[in-house]
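Colleague: okay, predicted coordinates and the sequence, questions at the end:
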Amino acid sequence: MPGSLMAGACKIFSTGRWVTLYGLPIGQNDSASNTGGHKTVVTYIQASEDGTEVFLDGVSTGTILDIGESLASSGVTLGQTISVTAPVQMTRLTRDKNSEYELR
């Protein structure tokens, strides 16, 4: 097989709806899904301001984003929190591990 068959896109909402704290309602450790649909969970973070620092569970990740930049954070688990120093948009994508066609 030549590679992944998946593609995706994220809608960018008005920055008035962006947040500085986000709790993860699903994660790779989420046993509530018996279909395996949360085996890979990625959170995309898009910055609205320069110098936006990203924290995971209150600890700095060492990542600083400038306006328009984004970060893909994989391996997130149920109940973790992502906080930032300026409003960001966060988008979650989930999929079955090693799947070539299932993306949520």
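Modeller: Yep, it's here.
Colleague: now the biggest strand by length in the chain: average pLDDT?
Modeller: The strand spanning the most residues in the chain, taking DSSP state E as the definition, is strand 81-95. Mean per-residue pLDDT for strand 81-95: 86.
Colleague: helices or strands next to it in the packing?
Modeller: Here strand 81-95 touches strand 19-23, strand 40-47, strand 52-56, going by 3 or more CB pairs under 8 Å, 6 or more residues apart in numbering; DSSP states H and E. To be clear about C-beta, it is placed using only N, CA and C from the backbone, and glycine gets the same treatment.
Colleague: tell me which helix or strand comes right after the last one.
Modeller: In this case it means strand 52-56. Sequence order places strand 59-65 as the next helix or strand after strand 52-56, per DSSP states H and E.
Colleague: list the strands paired with that next one, with their directions.
Modeller: The pairing partners recorded for strand 59-65 under DSSP bridges are strand 52-56 (antiparallel).
Colleague: for the strand it pairs with, buried residues please.
Modeller: Thr52, Val54, Phe55, Leu56 (16 or more other CB atoms under 10 Å).
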